[in-house]
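Visitor: need coordinates for the below:
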Amino acid sequence: MVSKLLALEAYPNLRDLDFRILRGVELNMRHHRWVPLEDVARFARVDVETASFRLGKLDDWGLVVRRGDIGYIGYQLTIHGYDVLAIRALARKGVVEAINPAQVGVGKDADVYVGITPSGERVAVKFNRIGGRTASRRASYHRHVFKDKHHTSWLYVSRLIAKKEYEALTLLSPIARVPRPIAWNRHVVVMEFVEGTELAELRDTDLSREEAGEILEKALEEYLKIVRFGIVHSDMSEFNIVLTEGGILIIDWAQYITTAHPESYELLKRDVTVLLNAFRRRWRVERNFDEIWPAFEEAWRESRGEGDGD
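Guide: Okay, the predicted model is just below:
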C-alpha cells in the first residue's frame, strides 16, 4: 500500500518557533510520559500562552498529541512530529534537499521514500516505525537493542534501531554487498538508492531453477564473508535479498548481532536454514544444510578467534 509522508504536508507551515517547541517536547519526553506545557514553554523561551497556541497548531497537524485529564496539560510527540525533526536535521546538514512524499517501499517496521541531495543524487530515506505496527511482536525481535534501556518510548526504540542499522552498514559496506550508508538522524537512515527488486516480490515463475540456484550461491557467498567478518544478520530471508543489475544486495540490518553474542550461533543456523528452505520451496533448488553449514560454522569460529584446538 502506498501512503504519503504526512510530515511533509505540515513542514511548509512550520516556523522556527515550532521546531523549538517540538524539540522541547522531544527532549522532555525523557523525563515525562506527558510533557507539561510549562516545560515546553520554558525550553522554547516563550510565554505559556504562545506555547499553548503553537502546540494547538502542531496538534491539528498531527505532530503532537495533547492530554488534559492527568492533572495538568501535557503533550507527546507523535511519529509524524519525530519525522519532522529528523527531516529538518538532515536538511540543515545538507544530506537531503527534498523527499518524494510517496512510498517506494514498506516493510514490517519501516517505510522507505526517495530523497534528493543538494547535488541532485537520489537516495533512499528509511523511516523506522517500531511501535506503530504490531509493537509487542517486533519488540521481541529487537530486544538486543534496548533490553538494558529503561526508556520505553517507541520513538526512542525506533531511534536505536536506526542507529544500529547505520552502524551495520558502515561496517559492512567496504567488504560486502549491502547498501552504502550516507547519514543517520533519530529514527531515519539515509542510504544509497538502489534500483532492484526484492527476491520476495518475484513470482515463482520469474526465475528458472538454474537462475535461482545462481542467486542462492551469490547470497551464501556474501553472507559467508559477513559472518567471517564477525556479524550475523539474524533475519535473513528472501525479503532481505535485493536483485540488482550488478548482482545482489543484502538489506535490513537492524537486527544484526556480532558473532561474540551468545545467541549468534543459533541465529546463524536459523538464517541459513530459512534461506535454503525458501529456495527449495519456491524454485526447487535443493541444497543440503549439512553440506552448507560447515563453512559457516568455520567462518563463525574464525571470527571469534577460535582455532581447531580451542
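Visitor: pretty sure residue 58 is touching residue 19, no?
Guide: No: at 10.2 Å, residue 58 and residue 19 do not qualify as touching, with contact defined as CB atoms under 8 Å. (C-beta placed from N, C-alpha, C; glycine too.)
Visitor: so those two - more neighbours on which side?
Guide: residue 58 (26 against 16; other CB atoms under 10 Å).
Visitor: so the closest residue to residue 127 other than its chain neighbours is in which element?
Guide: Spatial nearest neighbour of residue 127, excluding adjacent residues (CB to CB, 6 or more residues apart in numbering): residue 111 at 4.9 Å. Element membership of residue 111 [criterion: DSSP states H and E] is strand 110-116.
Visitor: what about that strand, average pLDDT?
Guide: Across strand 110-116, pLDDT averages out at 95.
Visitor: which is the next helix or strand following that strand?
Guide: Next along the chain after strand 110-116, taking DSSP H and E as the criterion, comes strand 122-128.
Visitor: tell me the buried residues in that following strand?
Guide: 123, 124, 125, 126, 127, 128 (16 or more other CB atoms under 10 Å).
Visitor: show me what contacts the last one?
Guide: Contacts here follow CB atoms under 8 Å, 6 or more residues apart in numbering; on that basis residue 128 touches 109, 110, 158, 159, 161, 162, 165, 187, 188, 189, 254.
Visitor: what about 6 Å?
Guide: Residues in contact with residue 128 (CB atoms under 6 Å, 6 or more residues apart in numbering) are 110, 158, 161, 162, 187.
Visitor: follow-up on the earlier one: what sits up against the strand holding residue 111?
Guide: By CB under 6 Å, 6+ apart, the list of residues contacting strand 110-116 reads 5, 96-100, 103-105, 122-129.
Visitor: try it again with 8 Å
Guide: Counting by CB under 8 Å, 6+ apart, 3, 5, 95-106, 122-129, 190, 193, 254 sit against strand 110-116.
Visitor: what's the answer for stretch 156-173, then?
Guide: With CB under 8 Å, 6+ apart, stretch 156-173 has contacts from 79, 82, 109, 126, 128-131, 139, 142, 145-146, 149, 178-181, 183-184, 186-189, 191, 226, 229, 231, 252-254, 256.
Visitor: show the average pLDDT along that stretch.
Guide: If you average the pLDDT values across stretch 156-173, you get 96.
Visitor: list the buried ones in it?
Guide: 156-166, 168-169, 171-172.
Visitor: tell me how far it is from the chain's mean position?
Guide: 7 Å (CA atoms, centre = their mean, to the nearest Å).
Visitor: export it as PDB, just CAs?
Guide: The C-alpha trace of stretch 156-173 is given here as PDB (Å, rounded to 0.1, in the frame of the first residue of the first chain):
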ATOM      1  CA  TYR A 156      13.300   6.200  21.200                       C
ATOM      2  CA  VAL A 157      13.400   2.500  20.300                       C
ATOM      3  CA  SER A 158      13.000   3.500  16.600                       C
ATOM      4  CA  ARG A 159      16.000   5.800  17.000                       C
ATOM      5  CA  LEU A 160      18.100   2.900  18.500                       C
ATOM      6  CA  ILE A 161      17.100   0.600  15.600                       C
ATOM      7  CA  ALA A 162      18.100   3.300  13.000                       C
ATOM      8  CA  LYS A 163      21.400   3.900  14.700                       C
ATOM      9  CA  LYS A 164      22.100   0.200  14.800                       C
ATOM     10  CA  GLU A 165      21.400  -0.300  11.100                       C
ATOM     11  CA  TYR A 166      23.500   2.600  10.200                       C
ATOM     12  CA  GLU A 167      26.400   1.200  12.200                       C
ATOM     13  CA  ALA A 168      26.000  -2.200  10.500                       C
ATOM     14  CA  LEU A 169      26.000  -0.700   7.000                       C
ATOM     15  CA  THR A 170      29.100   1.400   7.900                       C
ATOM     16  CA  LEU A 171      30.900  -1.700   9.000                       C
ATOM     17  CA  LEU A 172      29.800  -3.900   6.100                       C
ATOM     18  CA  SER A 173      29.700  -1.700   3.000                       C
END
